[in-house]
Structures are given as C-alpha cells and as structure tokens.
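A.B. asks: Structure for this input, please:
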Amino acid sequence: CSLVGGAAWLLLALRPSLLALLFGQAALEGYAPLIGLVIALWIFGACLEIISVAHQDMKLSTVFILGSSISRTVILIAMALAFGTIRSLIWGAAIHGALQTVVLLIYLESQFPGFARQFDGGMLRTQLSYALPLGISGMLFTFQTDMHNYFVSHQLGPVVFAAYAIGC
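C.D. replies: Okay, here's the model as predicted:
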C-alpha cells in the first residue's frame with residue numbers, strides 16, 4: 001500500500017503537469033503535490049479496514065469503516081464551511097488520511113506488537129505472488145470501468161464532467 005501511494009505522491013510532486021494533462025485543466029497543477037499526499041495517505045490508511053477484516057476482527061472493522069466515513073464527511077463539511085476553497089477541501093482530505101493512518105498504526109501495534117521491526121522476505125514473496133496478479137487485474141478492471149470519466153473530463157472540461165458525473 002505504502003509503495004503505490006508513495007509513488008503517486010512522488011509522481012505528482014515531480015510532475016504536477018500530469019494532472020493538467022489528464023484533466024485538461026492547468027489550474028490543477030498547483031494542487032498536484034497536495035493531491036499526491038492525499039492519495040498516499042488514503043491508500044495507506046485504507047489498509048486499516050482490510051487488515052482488520054483479514055484479522056477477523058469484525059466488530060472493530062465495522063467501527064473502522066463507519067468511523068472512516070463519518071470522520072471524512074465531518075472533516076470535509078467543516079473545511080468547506082470554514083474556508084470554502086478547493087485547497088481547504090484537499091487539506092481536509094489529507095487530515096482525514098493522516099488520522100486514518102494514525103489509527104492504522106495504533107491498531108497494527110496493538111494486534112501485532114513489533115510489526116514494524118520484523119521483516120520476513122519469504123513471506124513478502126509469497127504475499128506478492130498472490131497479491132500482484134489480483135492487484136493488476138483489479139487495476140485493469142477499475143481502469144476499464146472508469147475510463148469514460150477520464151475521456152469526458154479530458155475532452156470536455158470540469159463543468160461538463162461534473163454534470164456527466166452526477167448524471168451517470
């Protein structure tokens with residue numbers, strides 16, 4: 001999780017013009033490093049729900065899933081009401097991701113003491129041999145099902161895309 005999120009953050013920090021290229025809006029370049037941070041935090045923080053379910057901790061995973069949705073909603077609404085800017089919403093998303101990451105690290109340390117100090121290369125290879133094919137197929141599926149959004153946003157701009165996204 002952290003490698004993919006970190007790569008996205010690094011890519012957007014080093015090449016902010018990528019967002020303008022993808023979405024046809026030069027104004028997005030100024031937000032690129034912050035959007036990369038949000039991507040990194042949200043991808044890493046999303047592991048909280050996955051790990052708690054895999055650990056068969058259904059009560060806590062339910063709390064994590066509901067708590068994440070509620071905290072994200074409260075933070076984003078508060079940022080919108082308090083500041084009313086796109087940058088404040090992105091910062092709100094980053095704050096939510098940071099909080100979720102902190103909860104993830106606390107959960108991991110409580111359930112798997114010393115997890116960060118232990119590394120098993122054999123286990124990593126086993127996990128990657130299972131996860132990479134599934135991850136790649138999941139990415140291809142997501143790309144295929146979301147491709148229309150990228151074409152519409154790139155060709156027609158944010159106003160038409162907003163109407164398209166709500167309409168679809």
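A.B. asks: Have a look at this structure and report its longest helix.
C.D. replies: The longest helix of the chain (DSSP state H) is helix 121-167.
A.B. asks: Report how many residues lie close to residue 41.
C.D. replies: 21 (other CB atoms under 10 Å). Heads up, the C-betas are built off the backbone N, CA and C, glycines and all.
A.B. asks: could you give the angle of the helix or strand hosting residue 5 to helix 121-167?
C.D. replies: In this assignment (DSSP states H and E), residue 5 forms part of helix 2-14. Here helix 2-14 runs at an angle of 60 degrees relative to helix 121-167 (axes from the mean of the first three to the mean of the last three CA atoms, to 10 degrees).
A.B. asks: Check which helices and strands the longest helix of the chain sits against.
C.D. replies: In terms of contacts (3 or more CB pairs under 8 Å, 6 or more residues apart in numbering; DSSP states H and E), helix 121-167 is packed against helix 17-23.
A.B. asks: C-terminal to the helix it packs on, what's the next element?
C.D. replies: Using DSSP H and E, the helix or strand that follows helix 17-23 in sequence is helix 32-45.
A.B. asks: Quickly note the distance from residue 136 to residue 39.
C.D. replies: As judged by CB to CB, to the nearest Å, residue 136 and residue 39 stand 18 Å apart.
A.B. asks: Contact partners for the residue in the chain sticking out farthest from the centre?
C.D. replies: Distance from the C-alpha centroid of the chain, by CA atoms, centre = their mean, peaks at residue 122 (27.8 Å). By CB atoms under 8 Å, 6 or more residues apart in numbering, the contact list for residue 122 is empty.
A.B. asks: Check residue 149 too.
C.D. replies: Residue 149 neighbours (CB under 8 Å, 6+ apart): 161, 164-165.
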